[in-house]
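Trainee: When you get a sec, could you give me coordinates for this:
(4 chains, ligands or ions: 4)
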Amino acid sequence: GSGGNSASSSSSCVPGSNTKLVKPSSTVHKVAWSQNALDGAWRFAEEASIADAAKAHGYQLLKTNANNSDVQQVQDIQNLINDHPDVLLVDPHTEDAEAAQVAAARKACIPVIVVDRDVNEQLASPGRDFATFVGGDFKKEGALAADALIEALGGPSAKATIVELDGTTGSSPAILRGGGFNGELSTKAPGIRIVAEQTADFNRATGQQVMATLIQQYPDIKGVFAHNDEMAIGAITALKAAGKHPGQDIKVVSIDGTKDAVNLVVSGEEYAVVECNPRLGPLVFDTLDKFVKGDDLPAWVVQPDRVFKKADGTAAAYLPNAF
Amino acid sequence: MIRLEQRLTMLKELRSLRNIGQDYGALIALVALIIFNIIFTRQFNSWISITDLLVHVTPTLILGVGMTLVIATGGIDISVGSIMGLTGILTYLIFSGKLFGIQNIVLGTAVAMPIALVVATLIGAFNGLLVTRFKVQPIVATLITLITIRGVAEVTVNGFQFAFLSAPIVSWLSGNLFGFLPRQVILMAVIVAIFAWLMRATAFSRYLLAAGGNQSAARLAGVPVNRILIIVYAISGLLAGIAGLAYIAFDSAANPVTDGLGKELDAIAAVAVGGTRLTGGHATIMGTVVGAIFIQLIRQTLVALNVPNDIASIIIGMLIVLAVFLQRQRKA
Amino acid sequence: MPKVSSQPGIAALAEPSEATTRVGIKERLPRVGDFVRQQGALMALIIVVTFSFLRYDNFNTITIYSVLNFNAQFGLIALGMTFVIMTGGIDLSVGGIAALASVVAALTSSHGFFYALFAAVIAGTLVGIVNGIVVAWMRVPPFIATLATLYIVRGVALRLINDAASVNLDQKSDFITVAGTTVGDGFLNPPVPFPIPLLLVTFLIGILVLRYTRFGRYVLAIGGNPEAAQLMGLPVKRTLFWVYTLSGALAGLVGVLLAINLNGGSATEGNGWELIAIAAVVVGGTLLTGGVGSVFGTLVGVLLLGTIVEILQLENNYTLDHGGGLYLNSFWQNVIRGIFLLIVVLLQSRLQQKRARQST
Amino acid sequence: MEENNVLLHMEHITKRFTGSVALSDASIRVARGDVHALIGENGAGKSTLIKVLTGVYRSDGGTILFDGQPVAFQSPQQAQHHGISTIYQEVNLVPYRSVTENIFLGRELFRWGLLDWRKMNTEASTLLKRLHLSIDATKSLNTYNIATQQMVAIARAISFKSKLVIMDEPTSSLNDDEVATLFAVIRQLKAEGVSIIFVSHRLDELYAICDSITVLRDGVTVDARPIASISKLELVSKMLGKDLGSVQQSGQTSFDASRHHAQQEVLLDAVGLRQGRKLQNASVKVHAGEIVGLAGLLGSGRSEVARTVFGADPIEAGKITIDGKEVHFRAPIDAIRAGIGLCSEDRKIDGIIPDLSVRENLTLAALPTLTRSGIVDRKKQEQIVDRFIQRLGVKTAGPEQKIRELSGGNQQKVLLARWLCLNPRLLLLDEPTRGIDVGAKSEIQKLVEELAESGMGVLLISSELEEIIEGSDHVAVLRDGVTVAELSRADISQNVIMAAMAHGEEQSGTGEGA
Ligand SMILES: Nc1ncnc2c1ncn2[C@@H]1O[C@H](COP(=O)(O)OP(=O)(O)OP(=O)(O)O)[C@@H](O)[C@H]1O
Ligand SMILES: Nc1ncnc2c1ncn2[C@@H]1O[C@H](COP(=O)(O)OP(=O)(O)OP(=O)(O)O)[C@@H](O)[C@H]1O
Ligand SMILES: [Mg+2]
Ligand SMILES: [Mg+2]
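Mentor: Ligands and ions are numbered 1, 2, ... in the order given. All right, here's what the predicted structure looks like:
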């Protein structure tokens, strides 16, 4: 890249030894964007939203995609730092691995905004190493899903068995959503019991396969919680194939808000979808604009997440906007 | 002379006993697993759980049939997973009108499937061409295809995933015949039957095994080795295409990034567990059927017993090695 | 018995005549072919690097270090893989082993760097030993044996950290400081991160081992003709065992580098590394059928493939800064990598066929 | 012999394979400094006995005493360590590695802990010189032909300071001068007190070099004694298990060239073949109903002539006509369609498909004639197979046995049958009787003769001059890829052929001219 752009970082910053939060200059041209993977509807919606918003705000966007690999993303970020963008946006694959790189960017006088998934704030903290974190709350999404399922199964006093379809083992949304869900469930409705918890890799076909087997083994379950919509769609197909009537005898709740899933909510086969809004672009770039202007930023710019159900009409209302 | 006669008949008996061990080794393991299931998992012996097992084993098994042929020629085809991914995307692009602008979805589907299969076959034939004409080692040739074709599938649609619950191909292929026989399973059974017969009765199969057993000798004996190899890789490509169609039908979505990812390993494991030696010159389609079902059943059993994923993958790994090890013992 | 009676005229024919002096020159030819074949990859690397230097402002020492540092991981994996492939085998478990070793390193990092290093390498070695036993003594085909091990080590790694994605290094341990060690402080500016000299030294040892030790010769002999190696009285099983053990140990060492890069261990990292390593080995001129191979070629192969991918990123940046370049999204990576590999392999096949024609 | 003079004593050895019994009661006793012949029909168990001794196979019974100690070697490595070095029947070396490496594998020379290539190369060259072999030892082995490879294997075996050197058919791919060289080396070893076990189907060789002999039949030792005390005829009758009367002997071989005669019709006319450095200007002509011998020294390009005629290798220049029409075969299949068969010289590399059965190996080339719309007619196939197994006396547990389980000689018979069952008009035979026992050899020779009589043209490549001399109607002599002489029946004699092989340019006038 031309050296010219890097000079736009505030002149008081000395690359290599900087210890303070970096402020972007008022002439931001080039924004770098480190995506951790592009492998499903959610990620594409996010990617498109970031790209569109960047364009709308008049920035050049330099993109990388780490294909679900931490080392690749670490390398990507190092490369991006070496390209001297004016601002760096990072959607980290895991909490820990990219934290050191966020700090490295700070040292190189490149301001960072963390997007979608947070970094481990013990290793890199907002307000010092990076400007802020813009994103939803996975744990809360899990809890919202639990609330919806409790409601569907007849309230806190309900007694029922359910199964949980996990996202990819070890991935942070799987861990956080699962944790949020379990915590909420055990405190609010101890009568609802998870009889089986199996991973289906955030994948529709796998969700179908796993559900098909589980419904043979646990024919009496009343509910299914899937860590994402894809797995829920697969599960619903499997339940129907096994002669069940999802929506009536078995209630399904999942997270994301994809078009396919919201459609199922509208048709009544899925009980509720908790939103995990991938369209972070506008929020990210509004935040960036504020940052450039010199406003103080909160440590976490929260993307509020909603719950879509058939009963209250929220699903139908949201459907046109679903991704 | 009498002594010799006696010896010969005795030897023949011994030989047939050994063949039983060879041909049915994987089957014995499968039966053991089924018995385990009947005892320990509820409802295993229902019709639905059997068809469910067969439906889920379909893509792996279709790939496995092609892989058996390729491995019998002494090669390997690791590009099948990528071909699956591309077929799905291509089919989608055509029947959704994005590629040729065909608006009628039924007509679109009718056009899409043959085109996608032809493309899959051509990719396979290209593998064969690399292996024969350019003398590229099979694993390298198909590695190139694996990487490139996956990239092409992603680039053509920029990685987007497409869902199409309403497409006729989906409702048709994922439907049942007579209300209880899944069409996919019938498709699979037909493919298996065709190739099992092919490997038994035809000159093609002998040529294929000869080419795998000793290529230069086969060539000198008048076997058109290059043509056989290209045909075999093309068949593997075609079957990967069919598996790709079965997969999107089952999934009602085409995802260029994840569809078929790593499926080649499942197929190869199925072939090995089924008793086909990976060094070539030998093939058993029915073994592959048993091997594929065996692996799928392990997976389902572990899910049914709610074994956590990490432990499950340890158990799967161990059972695969064990199965192949026992196969080899029988042979030694 | 006229057949055995040795006729002087006939015996004289066996004497070296002008035919052999002519052969002397002919013999050089295949070696020139070999040279071109191996150095062909090196030429390509030099061309690619020179091109990058001229075109990209960003292609500086830092970039080179970064590429080398990143590819040190694949390099060490590919080194182990080279030996495995030279015996005619394959090791699909390397990525999984590296991930497991990174987890082990992170979990033991509180005891200090060298303790963690030791633990990680031991973990990798143990898995390699299992591979070795299953391949050499249980005679399970390497493809299946190491595929199964891949499943197993992934499971074990996840179990060790209770299904979390990753685990942190102990931030108080000296791991962090040792990990940042550089070489050549004072006379090199900037100094070299230690994985780079580690990579180079390991490859140097690899080259020596292949060329100048008995083990290296056995590896090639076994790959060339396993049955003959057995009949010649070579310790085939023992050699196979050591080859897989070595591959496991190197993957364990890579786990440490991984832990450094990720600031912790990751149970899910390393997917598809075996394919990257195989590609590098192939570009380096080692035959996947075994028996012929070059360790130096593998190093060149790793760096060449690594640089190609890097260029994609540099070019995108160049386009944004200067315009007029090619902006390709990340999905083009696979297409370009695949086509590049195809070109290399086709060139190799041409050279080889030419060589075959020359040497007859 | 005195007991302490006995180096090796194997007694009552049994060895069973799944599917066959290779050894049921085999014994052998080898004295120090003894050159000991081990003979028997194809499949008698010679190679198996050797492999049992050297730890390739575990025996199922019996005792082995070596150097006074009871032994049961677990691996060839261990046997080698105890002073037994072995040349196994098929050349077993590593193709892509250099000659030096092949010689030194397993006991490399070191300098400062690292391999000392310079010294190894020099020593390898010295060693090879002793075998009259001047080749570049740093070149990879597969650039040399099979005979040279065999010599390398010999060099390797004798370079161990062993007490016992076992040679399983070392001479089957060697020419006379190399055999002579080998014998010189064997005598030298003997003088040094080394014992040799020597396996060969060429009886002359046994009488020329061996002191004593052990005869195996059907896995049982049927005789053992000093070779001087048994006549060739007796030996053959012992081997075959037939009484003396039925073992006839006329010439050296069972050929009788007077029985077949060239017809007018020219089947094959290859002129001026050129292929790389192997063939410079080779020509050969075969009429229907005749046997044409192709003579030449090792590496003179005989095999190449056969391969190019067969379309297995491309030609750079020259003209091949079949039935007066010029042909351009692109692959062997074209030649097969034109009624040509080639039984190649290296059965392991170019012949057998190891994992397929005898039945499938035998009918591989004939498949197109056995199939209807792609489907094999199993019944017809089995008829053919049974007929040829009987006719050639293939020793096998049955047509379904894998060919790799057959003894070397029996494999050769199956390969011959592969071509005979096609009923070709022109048969190219490259060392067809290599490694075949006397009984089978004469059977094959008779068969070839019969075929020629019935009008087939045969091109016979053989390193055994007797075969060529007694069998051929015409002989073409190759030297360095050039046809230097074409001799007709009347001119064929050992001296003339040898002279042509050695000093090709003197050919003018010896034959009908080139
Ligand atoms: N691995 C094997 N499996 C089954 N049978 C075998 C095996 N090896 C050898 N045999 C059988 O053992 C018998 C003896 O074979 P062996 O190779 O020892 O014969 P040989 O005397 O060396 O013959 P030749 O002169 O043809 O080399 C044969 O009938 C052969 O079919
Ligand atoms: N695989 C090979 N690679 C390279 N050169 C070879 C190879 N095989 C043979 N040659 C060389 O080709 C020449 C002709 O070999 P060819 O085998 O045709 O001779 P030949 O007369 O048939 O001898 P023989 O009967 O001993 O096989 C020889 O100089 C030999 O060294
Ligand atoms: Mg033998
Ligand atoms: Mg020859």
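Trainee: low-scoring stretches of the chain, by residue?
Mentor: All of this refers to chain A. Within chain A, the stretches with pLDDT under 70 are A:1-12.
Trainee: let's do chain C instead
Mentor: Residue ranges of chain C with pLDDT under 70: C:1-38, C:352-360.
Trainee: all strands of it, in order?
Mentor: Ranges of strands within chain C are C:166-168, C:182-183, C:192-193, C:264-266, based on DSSP state E.
Trainee: partners of the third one in the sheet?
Mentor: If you go by DSSP bridges, strand C:192-193 pairs up with strand C:182-183 (antiparallel).
Trainee: Off-centre distance for the partner strand?
Mentor: Centre-to-centre, strand C:182-183 and its host chain are 23 Å apart (CA atoms, centre = their mean, to the nearest Å).
Trainee: now do stretch C:141-158
Mentor: So, by CA atoms, centre = their mean, the centroid of stretch C:141-158 is 19 Å from its chain's centroid.
Trainee: That stretch close to chain D?
Mentor: No - if you take CB under 8 Å from any CB of the partner chain as the test, stretch C:141-158 misses chain D, and the best it gets is 15.1 Å. Every residue, glycine included, has its C-beta placed from N, CA and C.
Trainee: Give me the packing partners of the lowest-mean-pLDDT helix or strand in chain D, helices and strands only.
Mentor: Within chain D, no helix or strand scores below helix D:494-502, which has a mean of 78 by mean pLDDT, DSSP states H and E. Secondary-structure packing of helix D:494-502 (3 or more CB pairs under 8 Å, 6 or more residues apart in numbering or on different chains; DSSP states H and E): helix C:8-14, strand D:291-296, helix D:465-471, strand D:474-479, strand D:482-488.
Trainee: Could you single out the most deeply buried of those?
Mentor: strand D:291-296 (a mean of 28; mean count of other CB atoms under 10 Å in any protein chain shown).
Trainee: ok, now which ones touch the residue nearest the centre of chain A?
Mentor: Nearest residue to the geometric centre of chain A (CA atoms, centre = their mean): A:Asp116, 5.2 Å. Shown in contact with A:Asp116 (CB atoms under 8 Å, 6 or more residues apart in numbering or on different chains): A:Glu46, A:Asp91, A:Val134, A:Gly135, A:Gly136, A:Leu280.
Trainee: would you list every one of the helices in the chain?
Mentor: If you meant another chain, say so; for now it's chain A. Using DSSP state H, the helices of chain A run over A:3-6, A:41-56, A:70-82, A:99-107, A:138-152, A:172-188, A:204-217, A:229-241, A:259-267, A:281-293, A:314-318.
Trainee: Chain C is the one I meant
Mentor: C:8-14, C:18-55, C:61-86, C:94-107, C:113-132, C:142-160, C:175-179, C:195-212, C:214-224, C:226-231, C:236-262, C:273-283, C:295-322, C:332-359.
Trainee: picking up where we left off before, and the least confident helix or strand of chain D, is it in reach of ligand 2?
Mentor: No - applying CB under 6 Å from any ligand atom, one finds helix D:494-502 separated from ligand 2 by no less than 10.3 Å.
Trainee: elements contacting the helix or strand B:Ala269 falls within?
Mentor: Assigned by DSSP states H and E, B:Ala269 belongs to helix B:263-273. Packed against helix B:263-273 by the contact rule (3+ CB pairs under 8 Å, 6+ apart) you find helix B:47-72, helix B:80-95, helix B:285-304, helix B:309-331, helix C:142-160.
Trainee: Same list, those helices, but as a markdown table with distance to A:Pro24 and mean neighbour count please.
Mentor: Supplementary listing: the helices and strands packed on helix B:263-273 in a markdown table, determined by distance: least, CB to CB, whole Å; neighbours: other CB atoms under 10 Å in any protein chain shown:
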| stretch | distance to A:Pro24 | mean neighbour count |
| --- | --- | --- |
| helix B:47-72 | 50 | 25 |
| helix B:80-95 | 40 | 29 |
| helix B:285-304 | 50 | 24 |
| helix B:309-331 | 43 | 20 |
| helix C:142-160 | 40 | 26 |
